[in-house]
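J.: Fold the following, please.
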Amino acid sequence: MQPETPTLTHVAQLANVSENTVSRVIRNKGSIAEQTRKRVLEAIEALGYVPNRAAGSLASSASLIIGVILPSLSNIVFPEVLRGIHAGLADTPYQPMIGVTDYDLGKEQQLVSSLLAWQPTALITTGFEHTDAARRMLKNSRIRIAELMDIDDQPIDLAVGLSHRRAGRATAEHLVRCGYSRIGYVGHDWTADRRARARYDGLCEALSEAGLSLSIEKRHDGPSSTIAGRDTLAGLLAEGAAVDAVVFSNDDMAVGGFMHCLAGGIPVPERLALFGFNGLEIGQALPKPLSTVRSNRFNIGKTAVEALLAQPERPGEPQIIDTGFAIIDGATA
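T.: Now for the predicted structure:
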């Protein structure tokens, strides 16, 4: 049974104030005691209440909005997802309203509240990690909700993406089949990118089943980048561990690692094999195309939009659409 959508009346009752006071707090109008404002804001967060910004507009106008929340537009992965979303909306009257979180769950919570206030037809976000307040708002909204990129957990409504744990396992299985046994890992911050952690966990699981473990690992304390990949691989190799292959958390990092090998005269893959994740174009444009896992980013965005619009009402049970992944053999592992 769907939970009752919180209203302004519910907020007023919980905060023990009038509905007019709640309205003035939301609109930031008039003089209100700080303690009263605090009680109202706490009630709003506890209930997951979202004010209706579209109340004064035509219902038909409000219904043409699809909210889209992405963690980044500087990382090429997410513009490709957005291209898929645009392709899925191309022959429809719907328009996306886009927000970017910079991998900040608090900022995502603010965007969820802001976008839901416009009464969109559906809302698309990334991953399963949300603040408690954001999750309440998403659940209570009753509109279609799509969580993209990951299918390793239970969605609120619809999940579209791939299993990152299985992608990590496939990476290990590929390297073991190719004869590598002294495998290292170069990664980036897992706090902001938990999907990278899931791939790492899958990698370690499959290595363990093959009677192996990582020979050495090193992580950059920050977001992924080519420079971070270059410098982190340099640091790993400087520790002197004997490795014949290195798995990177993604292609950005792996491309940086390839540049370190190129500058240092380290033959790839003869001396050191390199393996990434994402299947980015830049990795395939290297002098030796990167061995990696291709995620179907464009298809994730397009499939999500098509599924949301095909069934406007939220179904009784959460749904998962697996867009899969594929190993790109490349020439670096």
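
J.: Could you give the bridge partners of the closest residue to Ala241 other than its chain neighbours?
T.: Leaving aside its sequence neighbours, Ala241 sits nearest to Ile216 (C-beta to C-beta, 6 or more residues apart in numbering; 3.8 Å). In this view, the C-beta of every residue, glycine as well, is placed from N, C-alpha and C. Ile216 has the following beta-bridge partners by DSSP bridges: Gly184.

J.: wait, doesn't Ile216 sit right on Ala238?
T.: No. The pair Ile216 and Ala238 does not pass the contact test of C-beta atoms under 8 Å, sitting 10.8 Å apart.

J.: circling back: any figure for the gap between the residue nearest to Ala241 and Gly235?
T.: Taking C-beta to C-beta, to the nearest Å as the measure, Ile216 falls 10 Å from Gly235.

J.: Between the two, which is the more surrounded one?
T.: Between Ile216 and Gly235, Ile216 has the larger neighbour count (other C-beta atoms under 10 Å), namely 17 against 13.

J.: Could you check how far the residue nearest to Arg194 when sequence neighbours are not counted is from Asp104?
T.: Counting by C-beta to C-beta, 6+ apart, Glu129 is the residue found nearest to Arg194 once chain neighbours are left out, at 6.1 Å. Taking C-beta to C-beta as the criterion, Glu129 is separated from Asp104 by 11 Å.

J.: Of those two, give the one with the bigger neighbour count.
T.: Glu129 (18 against 13).

J.: Now name the helix or strand holding that one.
T.: Counting by DSSP states H and E, no helix or strand carries Glu129.

J.: That one is in contact with Gly106, isn't it?
T.: No. With contact defined as C-beta under 8 Å, Glu129 does not reach Gly106; the gap is 11.8 Å.

J.: those helices in this protein, which residues are they?
T.: 8-15, 19-27, 34-47, 59-62, 77-89, 105-116, 132-141, 164-177, 194-209, 226-238, 251-264, 281-284, 297-310 (DSSP state H).

J.: Asp329: which of those is closest?
T.: Checking the helices of the chain against Asp329 by C-beta to C-beta gives helix 164-177 as the closest, at 8.3 Å.

J.: quick revisit: out of the helices of the chain, which is the most enclosed?
T.: helix 251-264 (a mean of 23; mean count of other C-beta atoms under 10 Å).

J.: Excluding sequence neighbours, find me the nearest residue to Ser224.
T.: Closest residue to Ser224 in three dimensions, ignoring its sequence neighbours and counting by C-beta to C-beta, 6+ apart: His188, at 4.1 Å.

J.: ugh, wrong one, Thr92
T.: Per C-beta to C-beta, 6+ apart, closest to Thr92 is Leu309, 6.5 Å.

J.: distance of that neighbour from Asn140?
T.: As judged by C-beta to C-beta, Leu309 and Asn140 stand 22 Å apart.

J.: again with Val112
T.: 11 Å.

J.: ditto for Ala133
T.: 11 Å.

J.: ditto for Arg165
T.: 30 Å.

J.: now Glu108
T.: The value you get for Glu108 to Asn140, if C-beta to C-beta is used, is 16 Å.

J.: Check Gly106 too.
T.: As judged by C-beta to C-beta, Gly106 and Asn140 stand 19 Å apart.

J.: same thing with Gly168?
T.: In terms of C-beta to C-beta, Gly168 sits 34 Å off from Asn140.

J.: go on, Glu80?
T.: Applying C-beta to C-beta, the value for Glu80 to Asn140 is 31 Å.

J.: and if you look at His164?
T.: Applying C-beta to C-beta to His164 and Asn140 gives a distance of 28 Å.

J.: swap in Ile76?
T.: 34 Å.

J.: same thing with Ala117?
T.: The value you get for Ala117 to Asn140, if C-beta to C-beta is used, is 13 Å.
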